[in-house]
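Colleague: okay, sequence plus prediction incoming.
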Amino acid sequence: MATTKIEWTESTWNPITGCTKISSGCKFCYAEIMARRLRAMGQEKYKNGFRLTLHPETLREPYLWKKPKMIFVNSMSDLFHKDVPIDYIRNIFNIIKDNPHHVFQVLTKRADILRYYDSEGFLEWPHNLWMGVTVENADVVYRIDHLRNTGARVKFLSCEPLLTAIPNMNLQNIDWVIVGGESGRTPRPIKPEWVEQIKLQCQNHNTAFYFKQWGGTNKKKNGRLLDGKEYNEMPKPESVL
């Protein structure tokens, strides 16, 4: 487990590292940049750079963490990458179930694989697993339906980096939406009206809304205030117990 600066979680656990790009949201992947940096620093775990790599030696780590935490699983990869064996995914789900004092957050862009595994009965959903999909633009809203039709108890969306307006999201049975702008050297722009539009949709569906950042080349300076306030909403207690 490693601490993280990601605002909507507390720690990260990476039993897989590396990935491949599948959509426009992957263009400036922070994990790819970080993996290359860690490899250059001589970190053994990242000797393969950003090539997909399983790390079974990390699978017992959650059993060592006694203090309850909110843990982002695979911040440096995608659990539902096509090359991750289903038995490995099932093993991770079982480990999550075995550690009910933690909340584990999983986020994927491969919602079609997620839905397929769920529909075939390959996945047994622990109550403490929050399942999310990335919805960075209007072209990938189909991912929401894939997520909605799974058995995950808590379902969330990450609209980061938000690259277009997404005016017609169906947020039925979606517990949480995170929104954020892209950061880095050449970030693509985010428009305030896109964020306001998503916030309104969340309000209309009684969905928790979390605004992470405006992003840009100086994300710290640009901050995360929307209409002069921070939005830090999380799923309701009855959804997570």
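Modeller: Thanks, I have the structure now. Remember, predicted model here, so these are calculated numbers, not experimental data. Numbering: from 1, shown residues only.
Colleague: C-alpha only now, for contacts and for neighbours.
Modeller: Will do.
Colleague: please pick out the residue of this protein most distant from its centre.
Modeller: Distance to the chain centre peaks in the chain at Gly42, reaching 26.8 Å (criterion: CA atoms, centre = their mean).
Colleague: for the most centrally placed residue in the chain, helix, strand, or coil?
Modeller: Residue closest to the average C-alpha location in the chain (CA atoms, centre = their mean): Leu107, at 3.2 Å. Put simply, Leu107 is strand when judged by DSSP: H, G, I helix; E, B strand; the rest coil.
Colleague: isn't it up against Ser77?
Modeller: No. Using CA atoms under 8 Å, Leu107 makes no contact with Ser77, being 9.3 Å away.
Colleague: against Leu79, how distant is the residue nearest to the centre of the chain?
Modeller: To Leu79, Leu107 is 8 Å away according to CA to CA, to the nearest Å.
Colleague: so which residues of this protein form helices?
Modeller: 30-40, 86-98, 111-119, 142-148, 192-205, 219-222, 237-240 (DSSP state H).
Colleague: Glu160 is nearest to which of these?
Modeller: helix 192-205 (10.8 Å; CA to CA).
Colleague: now that closest one, how far from the chain's geometric center?
Modeller: 19 Å (CA atoms, centre = their mean, to the nearest Å).
Colleague: what residues does that helix touch?
Modeller: Thr164, Ala165, Ile166, Pro167, Met169, Leu171, Gln172, Val177, Val179, Ala208, Phe209 (CA atoms under 8 Å, 6 or more residues apart in numbering).
Colleague: what about the residue nearest to Val141 when sequence neighbours are not counted, neighbour count?
Modeller: Excluding its sequence neighbours, the residue lying closest to Val141 (CA to CA, 6 or more residues apart in numbering) is Val135, at 6.2 Å. Here the number of neighbours of Val135 (other CA atoms under 10 Å) works out to 27.
Colleague: looks like Val135 contacts Arg143 (just checking).
Modeller: Yes. Using CA under 8 Å, Val135 is in contact with Arg143, at 7.1 Å.
Colleague: what touches both of these two?
Modeller: Contacts common to Val135 and Arg143, judged by CA under 8 Å, 6+ apart, are Lys109.
Colleague: identify the residues contacting Ser23.
Modeller: Counted by CA under 8 Å, 6+ apart, Ser23 has zero contacts.
Colleague: thinking again about what came up before, export the helices of the chain to CSV and tack on mean neighbour count and distance to Glu61?
Modeller: CSV is the format used below for the helices of the chain (neighbours: other CA atoms under 10 Å; distance: least, CA to CA, whole Å):
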stretch, mean neighbour count, distance to Glu61
helix 30-40, 16, 20
helix 86-98, 16, 9
helix 111-119, 18, 24
helix 142-148, 20, 27
helix 192-205, 16, 35
helix 219-222, 12, 32
helix 237-240, 10, 23
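Colleague: export those helices as TSV, with columns for mean pLDDT and distance to Glu230.
Modeller: As requested, those are exported to TSV (pLDDT from 0 to 100; distance: least, CA to CA, whole Å):
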stretch	mean pLDDT	distance to Glu230
helix 30-40	95	24
helix 86-98	98	31
helix 111-119	98	29
helix 142-148	98	25
helix 192-205	98	12
helix 219-222	95	13
helix 237-240	62	20
